[in-house]
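Novice: Attaching a predicted model along with its sequence, questions to come.
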Amino acid sequence: MRARVTQKLAFGITWAAGIITVLVLVYIIGYVIATGWRAITPDFLFRPPSEGGISTAIVGTIYIVVLTIAIATPLGIGAAIYLTEYATENWITRLVRYGIETLAGVPSIVFGLFGFALFALSLLGTRCLLAGALTLACLVLPTMIRASEEAIKAVPVSIREASLALGATRWQTIRHAVMPAALPGVMTAIILSIGRTVEETACLYVAMGINPLNMPISPLSGGTTLSLHLYYLAMEVPFTIEPMFMEKAMGTGVVLILIIIIINSLTHWISSRYAARMIR
Amino acid sequence: MEPKIETKSLSFYYGVKQALRNVTLAIKEHQITALIGPSGCGKSTFLRCLNRMNETIPKTRMEGEVLLDGKNIYSPGEDMVEVRKRVGMVFQQPNPFPKSIFGNVIFGPTMLGINHKARLEGIAERSLRAAALWDEVKDDWKKKSGVSLSGGQQQRLCIARVLAVNPEVILMDEPCSALDPLATLKIEELMQQLKMQYTIVVVTHNMQQAARVSDWTGFFLMGEMVEYGPTKVIFTNPQDRRTEDYITGRFG
């Protein structure tokens, strides 16, 4: 009898936990969409903030994502290949791995400060999109390396042996047998990094600053991204001046949420295809 | 006749554990040599010494010599990549690449730098025919993935992939252990055809298979080669007591 009561209680508690989680999620997304959707009009998407739009933030986001991924992908995949295929297990490799683990846990604002000092002040002399992208590249590198490493490690030994036994060199084996098999996993790593890049705010706030009115023309221009712009609209514009800004901030949030949903479904789609290919 | 492959006091170690002890063996050209013995006796390790595949495993060490046409493939001037082109290998589990059937077969030639399309198609078709797979795949070999074939077809695809590199020796590491009897029979028939052109060394768990397909048999036990001779002699009149015990099923 007591066992049955305990079971019912446990079931009730886990059920409540599940329901609360779902409700909170639905409430947050629902609230942002409900307050923000009216703001989304063609003018909102394609006009600069001086005319009530977010076009500069959209262009800035595209700049930041493209630059960050272009910098981080070769470095990240290269490092992952080195760590899985070439590095021998010794204290240097262990130190590198430990370094990557640690970097993955460092708060993004610390990366921002580092990027501000090194890229914005010393290297480029200006707080521009490139400084932000370089900083974000450092930030996403650990994710990129670890996810690519997992993808490369998941390629069965038999694939490598098949290639080597056919007289392929080690590099040919990596390039033509291992990497094609690991590609869907590596794609997932890149998409995860894109997601991280789109979301990141604190790091860019320090390294790049917010320049909402400027339409970027080159990587050396100042600019803003969607998440930065959202912060700017919500926190730095007094409501007394323009009550519409809250709605516009929520509208920006809706655009961000949509982008993240698209990125997540893309990741999901690729990894499920990957699983199917490996099992067959 | 000079042996195609000859090993001289070959010993092999995984770390401190010795897997092969002074194996000396001469493998004849255009013959099928079967290596039999219980699990862990070193027969697969021995096979992988013949195309330098063991060098991919860290913390291993080899002593002795492996001569291919009289030349030591482990001498400092020899390139392991060159050795593996001359000595191909078929593995226990069929291991096609997640590419099309065509992509699988031309992998080796492409790595050798052949990129003329018509020539690659010619090589691929010839290899698939030689591996007795052509008739089953000729309609969609360019599109169909190698991994979607049946186990037996996959293994023949792996054989075709080896043939495409035009090796002199084919090593087979329990090529039928993952296959059903019908697929096994096909591979065994194929081996008989292939031995006209190639020298075949096959490791097998299955004594009937060794007796059916091979011309020569070597019996391995605990890293040592106990007995080696014509298959008929090994199976009807073994000289060593341990060989007799094994082939009559008293252990193993």
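Specialist: Great, that's in hand.

Novice: Any stretches of the stretch 51-200 of chain B with poor pLDDT?
Specialist: Of all residues in the stretch 51-200 of chain B, none has pLDDT under 70.

Novice: quick one, helices of it?
Specialist: Using DSSP state H, counting those that start in this stretch, the helices of the stretch 51-200 of chain B run over B:80-86, B:101-105, B:107-111, B:117-130, B:134-137, B:151-163, B:181-194.

Novice: what's the burial count for B:Lys195?
Specialist: 18 (other CB atoms under 10 Å in any protein chain shown). Backbone N, C-alpha and C define where each C-beta goes, glycine included.

Novice: May I have the phi/psi pair for it?
Specialist: Here is the backbone geometry of B:Lys195 (degrees, to the nearest 10): phi -70, psi -20.

Novice: What strand or helix carries the spatially most central residue of chain A?
Specialist: In chain A, the residue lying closest to the centroid (CA atoms, centre = their mean) is A:Arg196, at 1.6 Å. Here A:Arg196 is covered by helix A:179-199, with elements defined by DSSP states H and E.

Novice: That helix vs chain B: in contact?
Specialist: Yes - against chain B, helix A:179-199 shows contacts by CB under 8 Å from any CB of the partner chain at A:Pro180, A:Ala181.

Novice: okay, that helix in CSV with CA atoms only?
Specialist: The C-alpha trace of helix A:179-199 is given here as CSV (Å, rounded to 0.1, in the frame of the first residue of the first chain):
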residue,chain,number,x,y,z
MET,A,179,36.5,13.4,-43.2
PRO,A,180,33.7,12.5,-45.7
ALA,A,181,32.4,10.1,-43.2
ALA,A,182,32.7,12.7,-40.4
LEU,A,183,31.3,15.5,-42.5
PRO,A,184,27.7,15.5,-41.1
GLY,A,185,29.1,15.6,-37.6
VAL,A,186,31.4,18.4,-38.5
MET,A,187,28.5,20.3,-40.1
THR,A,188,26.6,19.9,-36.8
ALA,A,189,29.6,21.5,-35.0
ILE,A,190,29.6,24.4,-37.4
ILE,A,191,25.9,25.0,-37.0
LEU,A,192,26.1,24.8,-33.2
SER,A,193,28.8,27.5,-33.5
ILE,A,194,26.6,29.6,-35.7
GLY,A,195,23.9,29.4,-33.1
ARG,A,196,26.3,30.4,-30.4
THR,A,197,27.5,33.3,-32.5
VAL,A,198,24.0,34.6,-33.1
GLU,A,199,23.1,34.4,-29.4
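
Novice: Quick check: mean pLDDT of it?
Specialist: Mean pLDDT, computed over helix A:179-199, is 91.

Novice: Pull the residues that contact the next helix or strand after it.
Specialist: Using DSSP H and E, the helix or strand that follows helix A:179-199 towards the C-terminus is helix A:202-207. With CB atoms under 8 Å, 6 or more residues apart in numbering or on different chains as the test, helix A:202-207 has contacts from A:64, A:107-109, A:111-113, A:115-116, A:119-120, A:127, A:131-132, A:135-136, A:139, A:225, A:227-228, A:231.

Novice: where are the low-confidence patches of the stretch 51-200 of chain A?
Specialist: For the stretch 51-200 of chain A, no range has pLDDT under 70.

Novice: For it, which residues are neighbours of chain B?
Specialist: Looking at chain B, the residues of the stretch 51-200 of chain A close enough under CB under 8 Å from any CB are A:88, A:156, A:158-169, A:172, A:176-177, A:180-181.

Novice: Apply 10 Å and report the result again.
Specialist: Counting by CB under 10 Å from any CB of the partner chain, the stretch 51-200 of chain A comes close to chain B at A:88-89, A:155-170, A:172-173, A:175-178, A:180-181, A:183-184.

Novice: So which of those belong to helices?
Specialist: Counting by DSSP state H, the part of these found in helices is A:157-165, A:170, A:172, A:180-181, A:183-184.

Novice: Of the residues you listed, which is the most crowded?
Specialist: Neighbour max across those (other CB under 10 Å) = A:Ala165, 30 neighbours.

Novice: quick one, what contacts the residue most central in space within chain B?
Specialist: With distances taken as CA atoms, centre = their mean, the residue of chain B nearest its centroid is B:Leu171 (1.6 Å). For B:Leu171, the contact set (CB atoms under 10 Å, 6 or more residues apart in numbering or on different chains) comprises A:165, B:5, B:33, B:35, B:44, B:46-51, B:53, B:87-91, B:162, B:199-203.

Novice: mind redoing it with 6 Å?
Specialist: By CB atoms under 6 Å, 6 or more residues apart in numbering or on different chains, the contact set of B:Leu171 is B:Leu47, B:Leu50, B:Asn51, B:Met89, B:Val201.

Novice: can you pull up the bridge partners for it?
Specialist: Beta-bridge partners for B:Leu171, by DSSP bridges, are B:Met89, B:Val201.

Novice: distance of it from B:Arg52?
Specialist: 11 Å (CB to CB, to the nearest Å).
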